[in-house]
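>>> what's the 3D shape of this:
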Amino acid sequence: MTDFSALSDDEWKARLTPAEYRVLRQAGTEAPFTGEYTDTKTIGVYRCRACDAELFRSEQKFESHCGWPSFFSPLAGEAIIERADNSLGMRRVEVLCANCGSHLGHVFSGEGYPTPTDLRYCINSVSLRLEEN
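Residues are numbered from 1 along each chain as shown. Sure, this is the predicted structure:
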């Protein structure tokens, strides 16, 4: 089993494409409405593109029209880590993969979406890999 916390930047660069590295390891963001999973309705499990950990199920995905795949809940509470992100002059909550520490996106609340949790996990498609059922 790989100890992802021990991987160097060069090892991550060898494992990931430049776009994946920029988002997953440097907390970048893909352009809105360009991601592979923004509009998909395929049934399955969304996994971390960096380490293959299960993160979200398609049943938790919803149409937010924000430009990125949106989910109202992670697969399990321990699948992700949330931490304060005060970059870009904004207060947000960053979402990271709990298994490898890779940046996935951000979570927002109180936006009035009709979801069971009133949360929107706004996740970069490049951070995910869909395993179809």
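
>>> tell me how far stretch 95-113 lies from the chain's centre.
6 Å (C-alpha atoms, centre = their mean, to the nearest Å).

>>> and what of stretch 6-16?
Distance of stretch 6-16 from the chain centroid (C-alpha atoms, centre = their mean) equals 19 Å.

>>> pull the residues that contact it.
With C-beta atoms under 8 Å, 6 or more residues apart in numbering as the test, stretch 6-16 has contacts from Tyr21, Leu24, Arg25, Arg49, Ala50. For the C-beta atoms, the positions are set from N, CA and C on the backbone; glycine is no exception.

>>> check which residues of stretch 68-82 are buried.
Neighbour counts over stretch 68-82 (16 or more other C-beta atoms under 10 Å) mark Trp68, Pro69, Ser70, Phe71, Phe72, Ser73, Pro74, Leu75, Ala79, Ile80 as buried.

>>> ditto for stretch 86-96
So, applying 16+ other C-beta under 10 Å, buried residues of stretch 86-96: Arg92, Glu94, Val95, Leu96.

>>> coming back round to it: lowest-confidence entry in the buried residues of stretch 68-82?
When those are compared by pLDDT, Leu75 scores lowest at 85.

>>> poorly predicted segments of the chain, please.
1 (pLDDT under 70).

>>> what ranges do the strands span in it?
Using DSSP state E, the strands of the chain run over residues 44-48, 54-57, 61-62, 70-71, 80-85, 92-97, 103-109, 119-123, 128-132.

>>> lovely, talk soon.
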